[in-house]
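Visitor: below are the sequence and a predicted model; questions follow.
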Amino acid sequence: MKVVVLTGAGISAESGVPTFRDADGLWEGHRVEDVATPEAYDAQPFVVHRFYDARRKALAAVEPNAAHHALARLEEALGDDLLVVTQNIDDLHERAGSSRVLHMHGELLSAVCRSCRGRSRWERDLVDLPPCPRCGTPDLRPDVVWFGEIPYEMDRIYLALEAADLFVSIGTSGAVYPAAGFVQQAAAYGARTLELNLQTSEVTTLFDETRQGLAGELVPAWVD
Ligand SMILES: CC(C)NC(=O)[C@H](Cc1c[nH]c2ccccc12)NC(=O)[C@H](CCCC/N=C(/NCCC(=O)O)S[C@H]1O[C@H](COP(=O)(O)OP(=O)(O)OC[C@H]2O[C@@H](n3cnc4c(N)ncnc43)[C@H](O)[C@@H]2O)[C@@H](O)[C@H]1O)NC(=O)OCc1ccccc1
């Protein structure tokens, strides 16, 4: 049984990581779409850096929750038959013990060089961004996928959706593409589809089954 699990901000909410909908999509009065874009980074890099620095600080103070731990247990059982595709840039899946995790929108604790595309761990706050450890150019940016940019690992994701027997979506509003379109792709290839979410999402009607509630309760109940 090949399983693909898509996670969104809702799976980290009970750890204390605010979701995008929580703050009505606003950050310091900015529409998230306005700070999480390459244009915003070119226009006002300091505002964008402050946005991600604040989230790094917040991430250091939180822990994975029961939903993350349940998926790590599922990976022990299924091995390579499980793939977790996350829209989240936090490292809570990995901290819970999951390793078969694909960060389609990047990672908060990673930096990427705009010159050589080399990746490195994000070391310091904005004040003195170090040069790229690989090519030496001072051209590092947060290793996250911004609106208008192509998500990471789309080929691997489409192959996994094609081979999936079961597609499960956890804690996502289905507002952002291409992730919001995965349920249709998986269903088109014959997979059964299940949504675990606190509220009705923009794609709830596309699922074979929906269970509403807290991920910290629904996911362990589904896994164990
Ligand atoms: C706003 C939206 C309409 N715009 C888009 O979708 C755009 C444009 C677009 C493309 N195609 C379209 C088609 C139609 C319309 C628009 C588009 N998409 C793009 O630009 C993407 C790139 C988008 C990525 C942007 N970067 C992010 N994040 C990283 C940065 C950062 O984090 O700062 S997106 C970011 O927002 C999204 C937030 O959504 P959720 O995670 O779902 O969170 P949300 O708060 O919305 O919802 C939380 C849910 O959890 C539930 N919940 C809450 N608590 C709990 C709880 N305790 N338990 C369970 N559930 C819970 C709630 O009920 C709720 O339903 C996530 O994806 C997150 O990663 N790129 C692209 O399309 O490239 C081309 C392409 C296409 C195909 C193939 C190749 C190339």
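Guide: The structure has been received and is ready for your questions.
Visitor: so what's the residue count around V112?
Guide: 19 (other C-beta atoms under 10 Å). (Each C-beta comes from the backbone N, C-alpha and C, glycine too.)
Visitor: ok, now the one 10 residues further on?
Guide: Using other C-beta under 10 Å, W122 has 20 other residues around it.
Visitor: which element is the residue lying closest to it once chain neighbours are set aside on?
Guide: What sits nearest to W122 in space, not counting adjacent residues and going by C-beta to C-beta, 6 or more residues apart in numbering, is A111, at 4.6 Å. Using DSSP states H and E, A111 sits in strand 106-113.
Visitor: list the helices and strands that strand packs on?
Guide: For strand 106-113, the packing partners by 3 or more C-beta pairs under 8 Å, 6 or more residues apart in numbering; DSSP states H and E come out as helix 45-60, strand 119-121, strand 140-144.
Visitor: confidence score at A187?
Guide: Looking at A187, its pLDDT is 98.
Visitor: show me what contacts the residue nearest to W122?
Guide: Residues counted as contacts of A111 (C-beta atoms under 8 Å, 6 or more residues apart in numbering) are R119, S120, R121, W122, E123, L140, R141, P142, D143.
Visitor: give me that answer again for 6 Å
Guide: S120, W122, L140, D143 (C-beta atoms under 6 Å, 6 or more residues apart in numbering).
Visitor: so for the helix or strand hosting F167, mean pLDDT?
Guide: Assessed by DSSP H and E, F167 sits inside strand 166-170. For strand 166-170, mean pLDDT is 98.
Visitor: that one vs the ligand: in contact?
Guide: No - counting by C-beta under 6 Å from any ligand atom, the ligand has no neighbours in strand 166-170; the shortest distance is 6.8 Å.
Visitor: off-centre distance for that strand?
Guide: 14 Å (C-alpha atoms, centre = their mean, to the nearest Å).
Visitor: which other helices and strands contact the helix or strand following that strand?
Guide: On the C-terminal side of strand 166-170, the closest following helix or strand by DSSP H and E is helix 182-188. Using 3 or more C-beta pairs under 6 Å, 6 or more residues apart in numbering; DSSP states H and E, the elements in contact with helix 182-188 are helix 154-163, strand 192-197.
Visitor: show me which residues of the chain sit near the ligand.
Guide: Close to the ligand, as judged by C-beta under 6 Å from any ligand atom, the chain has residues 8-10, 13-14, 19-21, 33, 36, 87, 89, 105-106, 144-151, 154, 171-173, 175-179, 197-199, 201, 214-215.
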